[in-house]
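Novice: have a look at this prediction, sequence included:
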Amino acid sequence: MDFLNGFFLPPSADHLHLTKYLILLVYFIHIPFVSLLLGGTFFSVFFRLLAGNQRESLNWRISRDFIETLVFRKTAGIILGVLPILVLTLIEGQVFYDAEIYVVHFLFYTTILVALGITSVYFYQSTFRMADIHPLLQLSSGLGGLFLLFAGYFVFSVNSALILDPGRWATVTDPTKFLFSWNVIARFLHFICAAFAVSGVALVFFLFNWKESLKEIDASYRNTLLKLGGGIGLTFTLLQPVLLFWNLITLPDPALSMGVFASTIIVLLLILFISLLLVRLVKNTDFKLGTNIFVLFVITLVFMIINDHLAREDAIQNHTRLLVIRADGIAAEIESERERARAASIEPDLAVGATVFKNQCSACHGFEQSIVGPPYNAVLPKYQEDPEKLAEFIRNPYKVDENYPAMPKLGLSEKEIKSIVAYLLQEENKQK
């Protein structure tokens, strides 16, 4: 897989600064969508298994509502599901250019697994609109899609955990040995539980607060969905503090900062408030709470993403500094090459040289006598075979002879420097 590294060029300092915000944007787009996709598919398959072959049963109806409500149209799967991971692969390839870490490889595998998983999920969704679909084919597509998505985001969790531990970048020569570290497991379980929690809340929101017409369904089924969605949301929300704490205590030291602790506290407070609202929802079957709970959950996801991003930026700050220094050096070298190319294209003008001599040089130098500096006839002969050396001395003068003061920097343009060199060497030849 080393060929993947050949697709990337060294990033500039401005590019590195921009990538921090691009990564956040990618996560804000991708994580909420894929959370609903994963949770909706899981619970749909679960209730489909409970339904067996009874197409008119309550479990079948719940299974269909989960997959139809939480899995959006196919174009969303491409734009919000697959494309962000591809973009993230390109960004991370720049950020970790020339680093001894398997980021691009992990994201490459994640992209393939997620793309296949989303394809399988959309086929599973379409089977509910088919009259004669074989039950085994329907369940196989759902279970297969779930397996691929779980595998894809487990690899994604491995990638995220490895980024947070720069001390192990060079030592993890076999990525498979890092697969089941404590932080990987904590991050993966936290993501899955958050996806399940938001899916339960989203079922209530999209069925009863987003699609107004669905409020008119029979009271019995409405209460079932409210209790089910609220119960799922509450159960997996209550698991969040444990998983947050597990993730926090397994974070490597370079990833810890006051920003990480502060954002963790904000997430915990939001989770507490959401839990209280979910208890009211389940107890009173009040669908009006769905909007408030869903909005709060989206805000919580945003803070979770920010928390993770702060830990990431803390962990890679030394690597980023080295890249910035390297980028600045490359930029300076490129600019120097451009200056040399521009200088090489400039033709000297003897008239300009004569003017420079009269205005700048004649006050300190003569051709035969010393004034402030040495006479030209004493110093110019050594430059006849190397005019560029004289030009470089005029650009950046330095003290040569202890009997004379150092020549000041004149601040001449490249045109003036080339012209005064040509003029002086020509006049020196005439003196012979």
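Specialist: Arrived safely.
Novice: count the residues that sit near the closest residue to L239 other than its chain neighbours.
Specialist: Of all residues not flanking L239 in the chain, C193 sits nearest, at 4.8 Å (CB to CB, 6 or more residues apart in numbering). All C-beta spots, glycine's among them, are computed from the backbone N, C-alpha and C. Using other CB atoms under 10 Å, C193 has 19 other residues around it.
Novice: where's C193, which helix or strand?
Specialist: helix 182-204 (DSSP states H and E).
Novice: alpha carbons of that helix, in PDB - could you do that?
Specialist: Presented in PDB, the C-alpha positions along helix 182-204 are these (Å, rounded to 0.1, in the frame of the first residue of the first chain):
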ATOM      1  CA  TRP A 182      -8.100   0.000  25.400                       C
ATOM      2  CA  ASN A 183      -8.600   3.400  23.700                       C
ATOM      3  CA  VAL A 184      -9.600   1.800  20.400                       C
ATOM      4  CA  ILE A 185     -12.300  -0.300  22.200                       C
ATOM      5  CA  ALA A 186     -13.500   2.700  24.200                       C
ATOM      6  CA  ARG A 187     -13.800   4.900  21.100                       C
ATOM      7  CA  PHE A 188     -15.600   2.300  19.100                       C
ATOM      8  CA  LEU A 189     -18.100   1.500  21.800                       C
ATOM      9  CA  HIS A 190     -18.700   5.200  22.500                       C
ATOM     10  CA  PHE A 191     -19.400   5.800  18.800                       C
ATOM     11  CA  ILE A 192     -21.800   2.800  18.600                       C
ATOM     12  CA  CYS A 193     -23.700   3.800  21.700                       C
ATOM     13  CA  ALA A 194     -24.000   7.400  20.600                       C
ATOM     14  CA  ALA A 195     -25.300   6.200  17.300                       C
ATOM     15  CA  PHE A 196     -27.900   4.000  18.900                       C
ATOM     16  CA  ALA A 197     -28.900   6.700  21.300                       C
ATOM     17  CA  VAL A 198     -29.400   9.400  18.700                       C
ATOM     18  CA  SER A 199     -31.300   6.900  16.500                       C
ATOM     19  CA  GLY A 200     -33.900   6.300  19.200                       C
ATOM     20  CA  VAL A 201     -34.400  10.000  19.700                       C
ATOM     21  CA  ALA A 202     -34.400  10.600  15.900                       C
ATOM     22  CA  LEU A 203     -37.100   8.000  15.400                       C
ATOM     23  CA  VAL A 204     -39.400  10.000  17.700                       C
END
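Novice: elements contacting that helix?
Specialist: helix 13-51, helix 58-70, helix 135-163, helix 219-238, helix 240-249, helix 258-284, helix 289-315 (3 or more CB pairs under 8 Å, 6 or more residues apart in numbering; DSSP states H and E).
Novice: and that helix, how far out from the chain's middle?
Specialist: What separates the centre of helix 182-204 from the centre of its chain is 21 Å, taken as CA atoms, centre = their mean, to the nearest Å.
Novice: also stretch 372-383?
Specialist: Worked out by CA atoms, centre = their mean, stretch 372-383 lies 59 Å from the chain centre.
Novice: and R73, how far from V34?
Specialist: From R73 across to V34, the span is 15 Å (CB to CB, to the nearest Å).
Novice: ditto for V352
Specialist: 66 Å.
Novice: so those two - more neighbours on which side?
Specialist: Taking neighbours as other CB under 10 Å, V352 and V34 compare with V34 leading, 24 against 18.
Novice: can you pull the pLDDT of the more buried one?
Specialist: We have a pLDDT of 95 for V34.
Novice: my guess is it contacts G81. True?
Specialist: Yes: with contacts counted by CB atoms under 8 Å, V34 reaches G81, the gap being 6.0 Å.
Novice: give me the common contacts of these two.
Specialist: Jointly contacting V34 and G81 under the rule CB atoms under 8 Å, 6 or more residues apart in numbering are V114.
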